[in-house]
Structure formats: structure tokens, C-alpha cells
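# Attaching a predicted model along with its sequence, questions to come.
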Amino acid sequence: MLFQFGNVLVFFLVGGGFVFVSLLLNYLLSPKVPTAEKLAPYECGEIPIEGAWTNFNIRFYIIALLFIIFDVEIAFMFPIATIFKEWVKSGSGLLILGEVAVFVLILLLGLAYAWVKGDLEWATKMEFKDKVSGKDIVPGASKVG
Amino acid sequence: MFPNNPLLEPFLIIIAKVILIPVIVLNLIPLLIWMERKVSAYIQDRRGPNRANILGVRLAGMILNFADVVKLLTKEEFFPTGANRFYFVLAPGLVFFIYVITTAIIPFADVLKIGEFTMSFQVADLNVGVLYLFSMASLAVYGVMLAGWSSNNKYSLLGGLRASSQMISYEITMGLSIVTLFMMSGSVSLNDIIHYQSENPLYWNMIQQPLAFILFLIATFAETNRNPFDLPEGESELVAGYHVEYSSMKFALFFMGEYAAIIVASSVLAALFLGGWQVPFLSTQALIDNAVFFLNVIGKVFGVVSILLGLVLMVQFRPGRYKDARDFEVLILGIPALAVGIFASYFFFTQGIYDMPDWAPPVFAASVQFVTFITKVILFCFFFIWVRWTLPRFRYDQLMSFGWKGMIPASLVNLFLVSARMMF
């Protein structure tokens, strides 16, 4: 099996070599005539204001955190799933199924918490209602999200 | 389960495999780009590319790919002001590199056995097969993220964020939906899963586990950033997303990486759900035993089809249609096709092949399985293209709520349903 990983290493070298050669060819063949306008960050013709690294939505972080938890769950399930058949044959399938169920349930509680707290909603609810009459000012707008 | 002594494989064969398998994948990329152009053209009721030619041969627009390569190699490369040069170059290379190396575990045919000699048609028959695939494919997020961050462009940054968020969300579904396959077959090696599915199409996982198949299919669309999940490069809002600042070969690497991702996804779909290299109703043993019969049938069919193709092409010869070299395309392609067809039909209808050396039947079986596998892969690739030019794009909040509130609970339900079915 170690020998097979050696094959993968050689494959890495070939893949990396292909990328390197194509970038090198491009470097050697391409013309280089830079001008200030050409190098300006592209914003559909506008002159860019400030740098690009600005604030962005905090939800991207929350999604990444949730992902890590569930990815651990998958890494935990792969080996169990592989030997599940043998466990069913030896009669202790219910035990292993119960264990996985408890593990998944704990994680699902976390997902349910995030869901109830509204962290999975991307558009926050917008209220466009007339304060006196309670009618929609923009019909249909309060349904967004 | 299927013993394969690696030390029996001579070193030269490993080198050949390591060179040949990327070449196969890299040659599928232009085919796929051509398919995308032609299929989209015919879906939108146009003709698609049909002008570029070499000595009049256009191959229905396939020659345009050569023009593309020359163009992309000789375009100016530039670095936008304020970009981080190292990561800016690293990102496209990383994306392409990762999708090429994931092909290492894809089995193109059954293990070839000739007497004492064995050879597997994959670069590395890892016992952690699918796990390797997942660990490598999820690294592609880094390429996209780095490209978005290092370009010093607001569109790129937003595209990169969207792409990474989408890819990690759907990766969970992707992982959970195929856990059931490992339960059924008791292995994470792709070759073992294909063996488990057997040659009967009724036992293929697509029929056996339809829910897992649908979930995995949707997740692969999101992973490869294809429509209806192509929000990272949604051109109506982000121009081109994370690769908006890229030009020349660096753009080409992203472009080819996208198609390499489709090829990898299609081959994994074919291997996991459509029986991989299994020829319907014909096991490897049946193919080896009846090699002589099948070879003669294939030879006769090939001869007749080739004659018909040559005739159809030659009948279309109209001198003075374009008034240049393209007039003679049908003759340049048609006459050799006719000649090969006449030769093949003469040979197979009068003589045929009746005695084979010992090595021939296994090699014949392996090549038939190889062609079957590539056919299944191209079918899935066609499906990817078909969906792209038919469906509209999701909105981002729809995408996220579909992923987290629909796909993940559904894949968990599928998991417990299958395990309950196995228990009782």
C-alpha cells in the first residue's frame, strides 16, 4: 500500500510539472506592455475607491464554523460505515447504529440552534409597512427573505 | 478482496500510467469545451463554431480549440495594482493541479490479469480511495479563495467568498450522501465499490439508492460551480467572480480547471453510481471467454458504419461552396473513412479472427471496459452541459437555505433509512 502512495507522489510531480511548464511558456511567450489604466483593478470602468479588502458579511464565518463541525462528523462516519456490514453480521449492528445516532443527534441540535437563531437566513426580513394603516407600502416586499 | 501485488508491476508501467492518465483527462477537456459550445449552440438554435480550420479540416468546430490554445498562450499577462503576486500566480495553478491529481484513484477498467502478471488501470489503488478524493477535491476551495483575495478587486473578493462558502456547504451533503454506499459495499476503494455493483444494471447504486444519487448529483453541481449553482461567477452581478482579473494562461488554467472538475465529478458519479467500467450484463469473465465472438461482431459493425460514414460525407461534396480549402473537408475525412471501412468489412466478413494469443482476451476485455467507462463519463458531462444551458441561476439565499435546510437533513434521513434497511 505504501508503494501505491509512491505512485500518487509521482503523479503529484507530473501534475505540478504540467502547471509549471504551462505558466513558464506563457511567461516566455506573452508580451508585457503595462500601463496604469490596464493595471487598475477592474470595476466596470469606474476608478476604484479604497482597497478591495473591505468588510464582508459575518455569516460567511458562521457557515465555515458549522462546516467544520459537520466535516468532523463525516470523517467520523466513513470508517464506521465501512465496517458496519460486519457488525450487522456479528449481531451488534444496533449498538453501532445507536452510537452514531447519538453523535449525529448532538450535532443536529447545534444545527437546529443555528437554524432557530436565524443564522441560516441570508436576507434579513424587511418591514415596509405603513405604521398607521398596517398595509404594505411596497406590495410583496415584506415577503423577501 | 482483489489481491494485487504491487511489486509485480514493473517500474515502466507505473511511469506509463502516470503519464497516460493525465493525458487522457487533459484530452477530454478540449472535447468537453467543444461539446459545451456545440450543445449550447444547438440548444439556442444556432450553429456554434464552424470557421476555424487546418487545411480545410474543421472537425465540426473542434479545431477552434487549437486556436484558443495559441491565443491564450500569447496573450499579455499582467498583475493588477496591489495584487499579491505570489498567491495571484499560485491560485490558478492550485485549482488545476488539484483536479488533475484527483484522477489518480479513478479506475478506468478492471484489474488486468495475464497469467502471473497483474496491472490495475488506475494510478494508485488506495484502500482509502474516496477519502483521498474528498481530501484533495476540498483543497480546491483554497485556490478559489486565494484567487479572490489576492486580485485586489471587490468583485473577485465577493466571488471568492461566495464560492468558498458554497463549496463547503455542499461538501457536507456530498460526504454524507455516499456514506450509505460504503455501508452497502463495505469498502471505500472505488474498485471494490464497482465490483460490488456487479454487471447487472439493476444492482447499480443509481437504481439501488436513488436518493443518495440525486443528493450527490446536486452536490457535485454545486462543488464544480456549475449552473444552477454558478453564483461565484454570476456574470450579471460579479462580472466573472474570482477570476475577473486573470488573463492569458492563468485564466486558461481556471477555465481548464472547471472542465477538469466536471470530468472528475462525472467519473466519480459513473464509478459510484453507474457501475463504473462494468459493461451491462457482461462480467469481466464473460468478456474474456467470448472475446473472439465480440471482437468479430465489433469489427463487422465498425466496417459497415465506417463505409456508411464515408459515403454520407462524400455525398456532401459541393465544389465552390465556400470557395476555399473548406470545400474539400468532406473528401479529406470521407475517403479515408470509406477506405478503412471497406478494408475492415472485407477482413471481418471473409476471414475474421479465430485464434488469439493468451494475452489478447484480457486486453480486449480491458479495452471494452475502458470504452464503456469513458462513454458513461461523457454521458454525465453532457448532462452537466445540458443543465447549464437549460436552468436559470439560484439566488444566494435560496442556494444556502436549500443546502443547509434541505440537502443536509435529507442526506441524514437517507443514511438512517439505509442503515435500518440493512439491519432489519
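Okay, I see it.
# check contacts around A:Leu66.
A:110-111, A:114, B:404 (CB atoms under 8 Å, 6 or more residues apart in numbering or on different chains). Heads up, the C-betas are built off the backbone N, CA and C, glycines and all.
# List the ones among the residues you listed that fall in helices.
Counting by DSSP state H, the part of the contacts of A:Leu66 found in helices is A:110-111, A:114.
# so what secondary structure elements neighbour the helix or strand of chain A at the bottom of the mean pLDDT ranking?
Counting by mean pLDDT, DSSP states H and E, chain A has its least confident helix or strand at helix A:36-39, which shows a mean of 80. Using 3 or more CB pairs under 8 Å, 6 or more residues apart in numbering or on different chains; DSSP states H and E, no helix or strand is in contact with helix A:36-39.
# Pull the distance from the next helix or strand after it to the chain's centre.
Where DSSP states H and E defines the elements, the next helix or strand beyond helix A:36-39 is helix A:59-89. Mean-position distance between helix A:59-89 and its chain equals 15 Å (CA atoms, centre = their mean, to the nearest Å).
# average pLDDT across the longest helix seen in chain B?
Secondary structure of chain B per DSSP H: the longest helix is helix B:11-43. Throughout helix B:11-43, pLDDT has a mean value of 85.
# count of residues packed around B:Phe348?
By other CB atoms under 10 Å in any protein chain shown, the residues close to B:Phe348 number 20.
# what's the burial count for B:Leu55?
B:Leu55 has 10 nearby residues by other CB under 10 Å.
# which one is it nearest to, not counting chain neighbours?
B:Ala325 (5.8 Å; CB to CB, 6 or more residues apart in numbering or on different chains).
# Could you name the helices and strands sitting against the longest helix of chain B?
Partner elements for helix B:11-43 (3+ CB pairs under 8 Å, 6+ apart): helix A:2-29, helix B:64-74, helix B:85-101, helix B:248-273, helix B:360-388.
# repeat that with 7 Å
Judged by 3 or more CB pairs under 7 Å, 6 or more residues apart in numbering or on different chains; DSSP states H and E, helix B:11-43 is in contact with helix A:2-29, helix B:64-74, helix B:248-273, helix B:360-388.
# quick one, which of those is packed in tightest?
The highest mean neighbour count among these, using mean count of other CB atoms under 10 Å in any protein chain shown, belongs to helix B:248-273: a mean of 24.
# what's downstream of it, the next helix or strand?
By DSSP H and E, the next helix or strand past helix B:248-273 is helix B:284-289.
# In terms of secondary structure, what does that next one contact?
helix B:360-388.
# Work out the gap between the helix it packs on and the centre of the chain.
9 Å.
# where in chain A is pLDDT low?
For chain A, applying pLDDT under 70 flags the ranges A:1-2, A:123-129, A:136-145.
# so B:Ser103 sits right up against B:Ile21, yeah?
Not quite, residue B:103 is Thr, not Ser. Yes. Applying CB atoms under 7 Å as the test, B:Thr103 and B:Ile21 come out as touching, 6.0 Å apart.
# Tell me which of those two has more neighbours.
Between B:Thr103 and B:Ile21, counting by other CB under 10 Å, B:Thr103 is the more crowded of the two (25 against 20).
# quick revisit: for the helices and strands packed on helix B:11-43, give me JSON lines that also has distance to B:Val301.
Output for these, formatted as JSON lines (distance: least, CB to CB, whole Å):
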{"stretch": "helix A:2-29", "distance to B:Val301": "36"}
{"stretch": "helix B:64-74", "distance to B:Val301": "29"}
{"stretch": "helix B:248-273", "distance to B:Val301": "24"}
{"stretch": "helix B:360-388", "distance to B:Val301": "13"}
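# Would you tell me which of those helices gets closest to B:Ser151?
Closest to B:Ser151 of the helices and strands packed on helix B:11-43, according to CB to CB: helix B:248-273, at 10.7 Å.
# now for that closest one, which elements pack on it?
helix A:2-29, helix B:11-43, helix B:64-74, helix B:85-101, helix B:190-197, helix B:205-208, helix B:210-223, helix B:360-388.
# Among those helices, which comes closest to B:Tyr155?
Of all these, helix B:85-101 comes closest under CB to CB, at 14.9 Å.
# Mind listing what's buried along that closest one?
B:87-101 (16 or more other CB atoms under 10 Å in any protein chain shown).
# For those residues, name the two members farthest from one another.
B:Phe88 and B:Ile101 (21.7 Å).
# The residue nearest the centre of chain A and A:Phe84: what is the separation?
By CA atoms, centre = their mean, chain A has its centre lying nearest to A:Ala64, at 6.4 Å. Per CB to CB, to the nearest Å, A:Ala64 is found 30 Å from A:Phe84.
# what does A:Phe70 give?
For A:Phe70 relative to A:Phe84 (CB to CB), the value is 20 Å.
# before we move on, the earlier item: I'd say the residue nearest to B:Leu55 and B:Val57 touch.
No. Checked against CB under 7 Å, the pair B:Ala325 and B:Val57 is beyond contact range at 8.4 Å.
# Can you tell me the element B:Gln122 falls in?
Going by DSSP H and E, B:Gln122 is not part of any helix or strand.
# Correct me if wrong: it contacts B:Asp110.
No. If you go by CB under 7 Å, B:Gln122 and B:Asp110 don't touch, sitting 10.6 Å apart.
# Between the two, tell me which one has more neighbours.
Shown here are B:Gln122 and B:Asp110; by other CB under 10 Å, B:Asp110 has more neighbours (26 against 23).
# Let me know the secondary structure of the more buried one.
The assignment at B:Asp110 comes out as coil when based on DSSP: H, G, I helix; E, B strand; the rest coil.
# Tell me the spacing between the residue nearest to it when sequence neighbours are not counted and chain A.
Nearest residue to B:Asp110, sequence neighbours excluded (CB to CB, 6+ apart): B:Thr284, at 4.6 Å. Distance check for B:Thr284 against chain A: by CB to the nearest CB, to the nearest Å, it reads 21 Å.
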